[in-house]
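Q: give the three-dimensional model of this entry:
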Amino acid sequence: MKILNFTTGQEETSVRIDRYLAEKCPEFSRSYLQKLLKEQAVSVNGKPVKANYKIQPETEICLEIPDMEPLDIKPEAIPLDILYEDDYLLVVNKPKGMVVHPAAGHTEGTLVNAVMAHCGNRLSGINGVLRPGIVHRIDKDTTGALLICKEDSVHRDLAEQLKEHSIKRRYRAIVAGNLKDDEGTVEGPIGRHPTDRKKMAINNKNGKPAVTHYKVLERFGQYTYIECRLETGRTHQIRVHMTSIGHPLLGDTVYGSSKNPFHLQGQTLHAMVLGFVHPVTGEYMEFTAPLPEYFVKLLEKLRK
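A: Here you go, the predicted structure:
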């Protein structure tokens, strides 16, 4: 078991402890930290607390991280499109329709199952038994570049780069409508939708700060091809932000129109460029995931 201790500062007050720990420990997912809180693995001044406990200044917080459990998910020999690999990490190009990691009742056919078969036991265990090696995620129907870590120390370093917004991420998307400006920025805190818990929304009360920059690449009258640059990495960030300015992603029936004129499988969103400083060599590395075939064909159709 690993024990982490924190002392809150004078200015730190009235913040939920699960949010506080998520900020302090970016290598752990918030859902994993909430699980530890339920298991009474978090104490304040020696007493266990729940996830909704609000921290106060100058208090002692103790977080107990249990040892890694044996993985209860099976490796599967699913082909991987590997953009780069070394002894410490790999970058894969995730296909459309593939879930990144297993969840309750869904333990097969995920990227994690494929990576486990490829890497064997060499995957970081920081994010728990269902997310070995996973530093960041993209949605099931989003394609593109994704980082996988083989060692905990490498995972922690890259999680810190994510937290500091120093990892370069460029996405390609096609949105509905004709954007007024050639470039722009969307700012708005993102949190759970107040009535639909399966969706995210701009939530000024409970959301986390989020910033998306966009640039127009091509215009097609009713649709616009854009590049998005993320400053933050909130769940469904590009989808929520573009919808908030009246330009939902083409094919996104969750945040946009229920009509799907091109019979698409989910949103047209591709994580194209991923750049980071290698935690071991110190070298800046950048990778480009080519646009998937469906995206290329859709652009050709729109150009006609």
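Q: all helices of the stretch 101-250 of the chain, in order?
A: 111-119, 152-163, 237-244 (DSSP state H, counting those that start in this stretch).
Q: tell me the most buried of those helices?
A: helix 237-244 (a mean of 24; mean count of other CB atoms under 10 Å). Yep, even glycine has a C-beta here, placed from its N, CA and C like the rest.
Q: quick one: contacts of the very next helix or strand once past that one?
A: Per DSSP states H and E, the first helix or strand lying C-terminal to helix 237-244 is strand 269-277. Residues external to strand 269-277 that are found in contact with it (CB atoms under 8 Å, 6 or more residues apart in numbering): 91, 94, 138-139, 141-147, 158, 161, 166-173, 227, 238-239, 249, 283-289, 291-292, 295.
Q: so what are the sheet partners of strand 269-277 and their directions?
A: strand 143-149 (parallel), strand 168-176 (antiparallel), strand 284-288 (antiparallel) (DSSP bridges).
Q: Throw these into TSV and include mean pLDDT and mean neighbour count, thanks.
A: Shown next, in TSV, are those (pLDDT from 0 to 100; neighbours: other CB atoms under 10 Å):
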stretch	mean pLDDT	mean neighbour count
strand 143-149	95	26
strand 168-176	97	22
strand 284-288	97	14
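Q: adding distance to residue 115, write those out as JSON lines.
A: Output for the strands paired with strand 269-277, formatted as JSON lines (distance: least, CB to CB, whole Å):
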{"stretch": "strand 143-149", "distance to residue 115": "5"}
{"stretch": "strand 168-176", "distance to residue 115": "20"}
{"stretch": "strand 284-288", "distance to residue 115": "16"}
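Q: residue 82 is nearest to which of these?
A: strand 143-149 (9.4 Å; CB to CB).
Q: center of the protein - which residue?
A: residue 137 (3.5 Å; CA atoms, centre = their mean).
Q: let me see the contact set for that residue.
A: Here residue 137 is in contact with 100-101, 146 (CB under 8 Å, 6+ apart).
Q: which one of the residues you listed is nearest to residue 183?
A: Distances from residue 183 to the contacts of residue 137, taken by CB to CB, are shortest for residue 146, at 26.5 Å.
Q: my guess is residue 242 contacts residue 250. True?
A: No - contact criterion CB atoms under 8 Å: residue 242 and residue 250 do not qualify, at 10.2 Å.
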